[in-house]
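Undergrad: no sequence for this one, just the structure:
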């Protein structure tokens with residue numbers, strides 16, 4: 001199960017209802033924070049999530065509404081006895097900016113920080129991998145994907161009927177290996193099934209461009225900025241952002257299964273459904289999130 005908590009869903013300026021951008025993806029022991037806008041550590045409190053669980057921070061770009069929460073977040077980790085290595089990933093200049101940030105906010109730090117400037121597949125474990133793709137937003141900017149790999153799973157009903165005991169034999173089945181027990185051969189294909197991979201894509205702050213669709217192709221969940229409505233398409237182009245209709249077109253053409261609209265301007269404070277209505281005309285499985293909403297896949 002992948003849990004995605006929307007800690008902040010605003011655009012450049014926060015509103016009464018929306019905090020600056022921060023999204024937490026939780027999968028087993030991994031807690032991956034995508035961006036860390038101002039006030040993010042307080043949003044952790046509201047969501048009743050321990051910020052000390054964060055294992056990786058993905059920075060899309062270094063505009064203030066996406067990174068001004070980082071100094072306070074790091075200081076909170078230090079004061080809370082954080083004892084893991086924190087991995088920070090971002091576009092070009094991220095190493096320089098993190099180094100300068102730590103100089104300006106000179107607090108006692110008792111944990112290690114590893115910083116990487118990334119493009120393409122930059123992390124892989126046995127269960128998942130992370131990829132980055134450069135976007136177009138006036139400064140170095142990344143979109144990201146999290147891909148949970150397909151895995152062999154045990155069919156518990158068939159296993160129970162087989163009479164096989166728990167233990168090393170089951171491990172072999174999970175590896176796709178046939179086994180022999182009490183002189184009887186058991187085929188892995190008859191007792192297991194392949195669980196499909198899952199892909200979550202994050203496209204935050206970019207103008208519409210040809211790189212997006214192939215990068216997010218076949219996403220189970222596409223999380224996309226929707227700063228403007230269709231009537232302000234020219235303004236979106238001018239400010240290097242997307243409209244909700246463009247986000248929907250991306251979801252449709254990339255054959256994504258579900259679209260989440262975020263990075264919502266305060267101009268839609270009284271009528272955010274305007275963005276959703278325009279998106280759903282193009283891609284029905286579109287949704288608009290609020291702060292602290294949780295999506296599970």
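TA: Received the coordinates, thanks. If you're wondering where the values come from, they're calculated on a predicted model, not measured in any experiment.
Undergrad: State the helix or strand in which residue 99 lies.
TA: Per DSSP states H and E: residue 99 is located in helix 94-104.
Undergrad: Buried residues, that helix. List them.
TA: Applying a neighbour-count criterion of 16 or more other Cβ atoms under 10 Å, the buried positions in helix 94-104 are 94, 97, 98, 102. C-beta coordinates here come from the backbone N, C-alpha and C atoms, glycine included.
Undergrad: Which other helices and strands does it contact?
TA: Helix 94-104 is packed against helix 70-79, strand 86-90, strand 113-117, with contacts defined by 3 or more Cβ pairs under 8 Å, 6 or more residues apart in numbering; DSSP states H and E.
Undergrad: if we go to 10 Å?
TA: helix 64-67, helix 70-79, strand 86-90, strand 113-117 (3 or more Cβ pairs under 10 Å, 6 or more residues apart in numbering; DSSP states H and E).
Undergrad: thought residue 261 was touching residue 282?
TA: No - using Cβ atoms under 10 Å, residue 261 is not in contact with residue 282; the gap is 11.9 Å.
Undergrad: Of those two, which one has the most company?
TA: The residue with more neighbours, out of residue 261 and residue 282, is residue 261; 27 against 19, by other Cβ atoms under 10 Å.
Undergrad: what ranges do the strands span in the stretch 51-200 of the chain?
TA: 56-58, 86-90, 113-117, 120-124, 128-134, 142-148, 151-154, 179-181, 184-186, 192-195, 198-203 (DSSP state E, counting those that start in this stretch).
Undergrad: what sits in contact with each of residue 261 and residue 282?
TA: 244, 247, 248, 251 (Cβ atoms under 10 Å, 6 or more residues apart in numbering).
Undergrad: Most neighbours of all these, which one?
TA: residue 244 (32 neighbours).
Undergrad: Could you pull up the contacting residues of that one?
TA: 224-230, 236, 259, 261, 264, 268, 272, 274-283, 286, 288.
Undergrad: try residue 275
TA: Neighbours of residue 275 in contact, by Cβ under 10 Å, 6+ apart: 226-230, 243-245, 247-248, 261, 264-265, 268, 286, 288.
Undergrad: now the helices and strands packed on helix 94-104 in JSON lines, with mean neighbour count, mean pLDDT and distance to residue 163?
TA: Shown next, in JSON lines, are the helices and strands packed on helix 94-104 (neighbours: other Cβ atoms under 10 Å; pLDDT from 0 to 100; distance: least, Cβ to Cβ, whole Å):
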{"stretch": "helix 64-67", "mean neighbour count": "21", "mean pLDDT": "97", "distance to residue 163": "55"}
{"stretch": "helix 70-79", "mean neighbour count": "19", "mean pLDDT": "94", "distance to residue 163": "50"}
{"stretch": "strand 86-90", "mean neighbour count": "21", "mean pLDDT": "98", "distance to residue 163": "45"}
{"stretch": "strand 113-117", "mean neighbour count": "15", "mean pLDDT": "97", "distance to residue 163": "48"}
